[in-house]
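Asker: Here you go, sequence then predicted model.
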Amino acid sequence: MEQIQAIRGTRDILPDEVVYWQFLEKTAFDILSRACYQEIRTPVFEQTSLFERGIGEATDVVGKEMYTFMDRGDRTLTLRPEGTAGAVRAYIQNKLSAGGIQRLWYTGPMFRYERPQAGRQRQFHQIGLELLGVKAARADVEVIAIATDILKALGLQNLSLQLNSVGSGEDRQKYRDALVAYLIPYKDDLDQDSQDRLERNPLRILDSKDKKTQTIAENAPSILDYLGTESKAHFDQVCQLLTDLNIPYDLNPRLVRGLDYYTDTAFEIQSADLGAQATVCGGGRYDGLVSQLGGGEAPAIGWAMGMERLILLLKELQPLSLSSPDIYFVSRGQKAENKALVMAQNLRQMGYKVELDLTGSNFGKQFKRGDRTGAKICLVLGDSEVENNTIQLKYLETGKQETLSMDEINQRLQNL
């Protein structure tokens with residue numbers, strides 16, 4: 001019979017790697033909690049129209065990468081390709097705006113049909129943050145500072161903050177017209193994807209990975225020259241507040257992000273240790289998205305971190321391993337094995353991390369397995385110990401062993 005394999009673009013995360021995920025999740029949780037952000041959990045699939053309206057039908061995500069299907073009720077549904085649209089839908093549907101400013105975060109799987117490679121899968125995972133209901137530049141800098149704190153706490157190095165403003169919708173349209181006018185004479189020299197984007201989404205040409213297209217784009221107009229008075233003042237304040245917090249940044253007028261909902265501040269945090277896929281965090285302001293999805297006016301800003309890419313960096317920076325048990329419990333004989341199960345469960349309820357050997361093999365083999373776990377002590381129970389109401393305590397590093405009564409064992413473990 002043919003063996004069933006995981007679907008291409010998905011992968012199993014095994015226990016020796018899960019420790020990195022748990023470390024990442026706990027680090028992010030601690031920092032987000034200190035900043036008073038609350039976790040939100042939204043469905044992994046939504047109505048397709050949510051992403052078409054929110055992300056933009058002209059984007060590559062909607063046009064090429066979404067997992068979309070018809071359910072049994074003839075509704076068109078899509079596995080979420082990103083987290084912001086679902087969070088905003090939940091914000092509107094549950095009338096969260098009535099509670100004032102909302103600081104939300106989420107984590108979970110996202111889905112895009114892309115060519116799988118290191119750090120990029122078709123089912124991938126993100127940690128994301130959304131700050132809704134405030135326009136001030138301080139909000140932009142708060143979310144960037146939190147992202148910076150998380151990455152530093154993880155031990156990441158060689159990071160750079162790439163910063164830009166895409167202005168208001170009006171600013172962006174003026175710049176779009178100027179960019180198209182500049183690019184049209186070079187149309188035949190652009191890569192095929194960029195030629196396709198020239199009419200429907202020309203700003204994406206600026207972050208093309210094609211070297212010839214990049215050379216053409218180097219002399220394109222800068223979006224910073226097309227900012228209106230309000231957008232320019234907002235961006236200047238963002239830059240000043242970052243300076244006040246000693247967060248270095250590089251102005252990058254070619255940074256536009258790939259989704260239509262961005263306005264004003266756009267940013268990415270990149271790692272020089274990741275090669276071509278350098279971005280570990282990306283986000284920006286999306287002041288029109290809430291109203292675009294049927295809610296009232298609510299300015300907002302957010303970001304997302306790709307967890308797979310962060311895990312690649314963590315593995316290089318600080319090797320982690322599965323934690324060792326406090327106690328390895330071996331037993332042999334029917335009475336001893338039954339009693340060991342009861343004792344192990346009681347010890348776990350008392351707060352000890354206990355691994356119970358369930359093989360029933362001879363004591364020598366059980367001791368060898370105990371050594372491999374990294375446990376410091378081993379409890380040994382045979383039928384003779386059960387009859388005498390005693391237990392053996394063995395120190396695995398030295399091999400020293402002593403006999404204790406059942407009344408003594410709990411006190412000895414506490415002393416150890």
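Answerer: Ah, there it is.
Asker: Tell me how far Thr78 lies from Gln292.
Answerer: 17 Å (CB to CB, to the nearest Å). Any C-beta I mention is one placed from the backbone N, CA and C, and that applies to glycine too.
Asker: So which of the two has more stuff around it?
Answerer: Thr78 (21 against 15; other CB atoms under 10 Å).
Asker: That one belongs to a strand?
Answerer: Yes. Membership of Thr78 in a strand is supported by DSSP: H, G, I helix; E, B strand; the rest coil.
Asker: What is the burial count for Leu293?
Answerer: Leu293: 18 surrounding residues under other CB under 10 Å.
Asker: ok, Thr48 touching Arg80?
Answerer: No. Using CB atoms under 8 Å as the test, Thr48 is too far from Arg80 to be in contact (10.7 Å).
Asker: more crowded one of those two?
Answerer: Arg80 (24 against 17).
Asker: For the more buried one, which residues are in contact?
Answerer: Contacts for Arg80 (CB atoms under 8 Å, 6 or more residues apart in numbering) come out as Thr42, Pro43, Val44, Phe45, Glu46, Phe51, Gly86, Met110, Phe111.
Asker: 6 Å instead, please
Answerer: Val44, Gly86, Met110 (CB atoms under 6 Å, 6 or more residues apart in numbering).
Asker: Narrow those to those that are buried.
Answerer: Using 16 or more other CB atoms under 10 Å as the burial test, those include Gly86, Met110 as buried.
Asker: closest to Gly382 among the contacts of Arg80?
Answerer: Val44 (50.4 Å; CB to CB).
Asker: Could you pull up phi and psi at Ala375?
Answerer: With angles defined as degrees, to the nearest 10, Ala375 sits at phi -60, psi 150.
Asker: I'd say it and Tyr328 touch.
Answerer: Yes. With contact defined as CB atoms under 6 Å, Ala375 reaches Tyr328; the gap is 4.0 Å.
Asker: which stretches of the stretch 201-350 of the chain have low pLDDT?
Answerer: Low-confidence regions of the stretch 201-350 of the chain, defined by pLDDT under 70, span residues 258-260, 275-277.
Asker: could you pull out the strands for it?
Answerer: Taking DSSP state E, counting those that start in this stretch as the test, the strands found in the stretch 201-350 of the chain are 250-251, 263-271, 279-285, 300-306, 327-332.
Asker: Can you say which of these is nearest to Leu14?
Answerer: strand 300-306 (19.6 Å).
Asker: and the closest one, what does it pack onto?
Answerer: strand 123-132, helix 137-153, strand 279-285 (3 or more CB pairs under 6 Å, 6 or more residues apart in numbering; DSSP states H and E).
Asker: Could I get the average pLDDT for the first one?
Answerer: Meaning strand 123-132. For strand 123-132, mean pLDDT is 97.
Asker: okay, it in CSV with CA atoms only?
Answerer: Extracted as CSV, the C-alpha positions of strand 123-132 are listed here (Å, rounded to 0.1, in the frame of the first residue of the first chain):
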residue,chain,number,x,y,z
GLN,A,123,0.9,26.5,5.2
PHE,A,124,2.9,29.0,7.3
HIS,A,125,2.6,30.6,10.6
GLN,A,126,2.5,34.2,11.8
ILE,A,127,2.5,36.2,15.0
GLY,A,128,0.6,39.4,14.2
LEU,A,129,-0.4,42.6,16.0
GLU,A,130,-3.2,45.2,15.3
LEU,A,131,-3.6,48.5,17.0
LEU,A,132,-7.1,49.9,16.0
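Asker: counting contacts, what elements does that strand pack onto?
Answerer: Strand 123-132 packs on strand 102-111, helix 137-153, strand 300-306, going by 3+ CB pairs under 6 Å, 6+ apart.
Asker: can you give me the offset of the last one from its chain's centre?
Answerer: The one in question is strand 300-306. Taking the mean C-alpha point of strand 300-306 and that of its whole chain, the gap between them comes to 10 Å (CA atoms, centre = their mean, to the nearest Å).
Asker: What strands line up against that strand, and which way round?
Answerer: According to DSSP bridges, strand 300-306 has the following sheet partners: strand 123-132 (antiparallel), strand 279-285 (antiparallel).
Asker: Between strand 102-111 and that strand, find me the angle.
Answerer: With axes from the mean of the first three to the mean of the last three CA atoms, to 10 degrees applied, the angle from strand 300-306 to strand 102-111 works out at 40 degrees.
Asker: other SSEs contacting the helix or strand harbouring Gln411?
Answerer: Using DSSP states H and E, Gln411 maps to helix 406-415. Of the remaining helices and strands, none touches helix 406-415 by 3+ CB pairs under 6 Å, 6+ apart.
Asker: Go ahead and name everything in contact with it.
Answerer: Helix 406-415 is touched from outside by Asn389, Ile391, Leu404, with contacts defined as CB under 6 Å, 6+ apart.
Asker: tell me the contacts of the second one?
Answerer: Ile391 makes contact with Leu379, Leu381, Glu385, Leu404, Ile409, according to CB under 6 Å, 6+ apart.
Asker: The last one now?
Answerer: Leu404 makes contact with Ile391, Leu393, Arg412 under the criterion CB under 6 Å, 6+ apart.
Asker: buried stuff in stretch 160-174?
Answerer: For stretch 160-174, by 16+ other CB under 10 Å, it's Leu161, Gln162, Leu163, Asn164, Ser165, Val166, Gly167, Ser168, Asp171, Arg172, Lys174.
Asker: One more: stretch 195-208?
Answerer: Those buried within stretch 195-208 under the rule 16+ other CB under 10 Å are Gln195, Arg197, Leu198, Asn201, Pro202, Leu203, Arg204, Ile205, Leu206, Asp207, Ser208.
Asker: Can you name the residues in contact with that stretch?
Answerer: Identification of contacts with stretch 195-208 by CB under 6 Å, 6+ apart yields Ala58, Arg176, Leu179, Val180, Ser194, Ala217, Arg254, Val256.
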